[in-house]
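Trainee: Below: sequence and its predicted model.
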Amino acid sequence: MRPNAIVAVFVALSACASPASADPAYVPSCNSFSYPSYIVLGGVDAHGVPDPVGTFVVIARDVGGNPLNMAYVTIDFTNCSDVVLDNAVSPGVTLDPTHRKASEYTDLGGEAYFTLTGHVGTRSPSTGAGSASISVGSVLCQHVTVVVLDQDGVDGVGPNDLYLAMSDIATHLLVGRSDYDENGTLTTNDAAVLLARLGAGGSTRSAPHFDGSTTVTPVVQDGGIALAWDDCRGATGVSSKTFACNTNSGTNTLVASFIAPSGLAGVTSGEAVLDFVGDIGSPLPSYWQMFNASTCNPARLTANALQNGTSACDVPWADVGIAGIAGVTYGFDGEPNRARMTFAFACGDGTVTPLSAGVEYRIANIRLAHTRTVGPGACAGCSAPVAIVLQSVLLTQGTWGSPARAGPDYFLQSPTGPNIAYWQGVPSGFNAPTPARNTTWGRLKTLYR
């Protein structure tokens, strides 16, 4: 996505006064300007700040290339029948929710900055490409496509939004709201882009709705979670792993699992949050600086929701459409020895798989490769002890193609012990953080992301 896309708009003199309007160089034109093909509507972060992914700039100029001050720029969403604007925008933007418009005056440089939020209000009829328009004054200059991160209007960007995006992708039609990779077609790559937006943290909450409707859903806090090497904790998994740190070949696998509570008629998407914790008072070793492109070992960490096929504890759903790491945050909560990873998945069709209460199920396979252990480019710290803590599991019961839940969301935690696995022993000063309890997933996400 392009969060700072530039729109250069050449506008009519009737739309904006110019101090040199008699100069032929100021003859207006909308035939030669650049603009983004897409506008992104996000949610807000834990502090209520709009997601910067929804930021773009409109630059109004005359035909002579001169910036126009105090030009009135309007983004019109009237024809985006499935999109609802929300009540959180950047300073200076005026919202007209009744007429579905956002407007702002340009500054001395001819620039009008917009950061907009919104959600999908109705899924049918959906709108395709070019449904919104950009105007300056009374001059319509360009149509643009609108993509929406918050597919259900509650709890910010989460696994149920992935599930709803998968329902759009399955239609094989161009549904503008889900064209996250901005290429005019819908594929699982669009879901992968939304997964990354989930992990970025800019839309952990849904923005306030103008109609006052709720932006959070209650959750049931029940069931247990577990983490082990090689297999589920209740199967043949082990709590500790040692490695001689003498080869770049091979992979170790952590298995995150949960004990199903009663009431889970059918899980359609979910999320798991894990922490990597090193010696207290020291930064997490570079060997554990993983996934992000700027880290020492970006290729080391991957995750999936593939069925094992041989374990007594397995992934219960065979129709996973998207699964993977949404993001990793280093120095989480101001602790240099701690990194937080978010994993999410969503089923790829409307199949519902009931779960049996009290049974242990696998939710994720977290794979840690031995890359950059020895030799040129090796990352230091392979022999350092690290604790991996499965903090929480969220299970949602969505409805294919509808924002309505088929049942309540379940937020699962467990006491310290079975949700912790160790690498090379126990880190110095390690104490597993005690999870807080709360009543809504929107609030819980501010603690766990």
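Mentor: Thanks, I have it.
Trainee: per-domain residue ranges of the protein.
Mentor: Using automatic domain parsing, the domain ranges for the chain come out as 5-147, 219-448.
Trainee: Just grab the bridge partners of residue 148 for me.
Mentor: residue 41 (DSSP bridges).
Trainee: again but with residue 60, I slipped
Mentor: residue 9.
Trainee: Could you report the neighbour count for residue 70?
Mentor: By other CB atoms under 10 Å, 12 other residues sit near residue 70. Glycine gets a C-beta too; all of them are placed from N, C-alpha and C.
Trainee: wouldn't it be in contact with residue 104 here?
Mentor: No. Counting by CB atoms under 8 Å, residue 70 does not reach residue 104; the two are 10.6 Å apart.
Trainee: what kind of secondary structure is the nearest residue to residue 260 once chain neighbours are set aside in?
Mentor: Leaving aside its sequence neighbours, residue 260 sits nearest to residue 355 (CB to CB, 6 or more residues apart in numbering; 4.2 Å). The three-state assignment at residue 355 reads coil, by DSSP: H, G, I helix; E, B strand; the rest coil.
Trainee: Report pLDDT for residue 355.
Mentor: Residue 355 carries a pLDDT value of 91.
Trainee: Please tell me how far residue 390 sits from residue 75.
Mentor: Note on residue 390: its distance to residue 75, by CB to CB, to the nearest Å, is 43 Å.
Trainee: Buried residues, stretch 342-350. List them.
Mentor: Across stretch 342-350, burial judged by 16 or more other CB atoms under 10 Å covers 342-348, 350.
Trainee: can you put those residues in TSV and add distance to residue 422 and pLDDT?
Mentor: Shown next, in TSV, are those (distance: CB to CB, whole Å; pLDDT from 0 to 100):
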residue	distance to residue 422	pLDDT
342	21	97
343	20	97
344	25	97
345	26	96
346	31	96
347	32	94
348	35	93
350	40	86
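Trainee: wait, residue 88 sits on residue 51?
Mentor: No. The pair residue 88 / residue 51 is not scored as a contact, 9.2 Å apart, by CB under 8 Å.
Trainee: Tell me where the model's unsure across this protein.
Mentor: In the predicted model, the chain carries pLDDT under 70 at residues 1-34, 415-417, 433-449.
Trainee: Which helix runs longest in it?
Mentor: As assigned by DSSP state H, the longest helix anywhere in the chain is helix 188-200.
Trainee: Give me the contacts around that one.
Mentor: Outside helix 188-200, the residues that touch it by CB atoms under 8 Å, 6 or more residues apart in numbering are 1, 42, 51, 53, 149, 157-159, 161-162, 165-166, 169, 178-181, 203, 321-322, 324-328, 342, 344, 346, 348.
Trainee: Among those residues, name the ones in helices.
Mentor: 159, 161-162, 165-166, 169.
Trainee: In those residues, which residue is surrounded by the most others?
Mentor: Result: residue 161 is most packed of those (other CB under 10 Å), 35 neighbours.
Trainee: Quick check: the gap between that residue and residue 330.
Mentor: For residue 161, the distance to residue 330 equals 25 Å [CB to CB].
Trainee: Check residue 348 too.
Mentor: 31 Å.
Trainee: same deal with residue 407?
Mentor: Taking CB to CB, one finds residue 407 at 36 Å from residue 330.
Trainee: With neighbour numbers in mind, choose between these two.
Mentor: Taking neighbours as other CB under 10 Å, residue 407 and residue 330 compare with residue 330 leading, 20 against 17.
Trainee: need the contact list for that one.
Mentor: 284, 289, 292, 295, 339.
Trainee: Just the buried ones from these?
Mentor: Applying 16+ other CB under 10 Å to these flags 284, 289, 295, 339 as buried.
Trainee: and the first one, what helix or strand is that in?
Mentor: Assignment of secondary structure by DSSP states H and E places residue 284 within no helix or strand.
Trainee: got the contact list for it?
Mentor: 276-278, 330, 336-339, 381, 386.
Trainee: Repeat that for residue 423.
Mentor: 240-243, 385-388 are the contacts of residue 423 under CB under 8 Å, 6+ apart.
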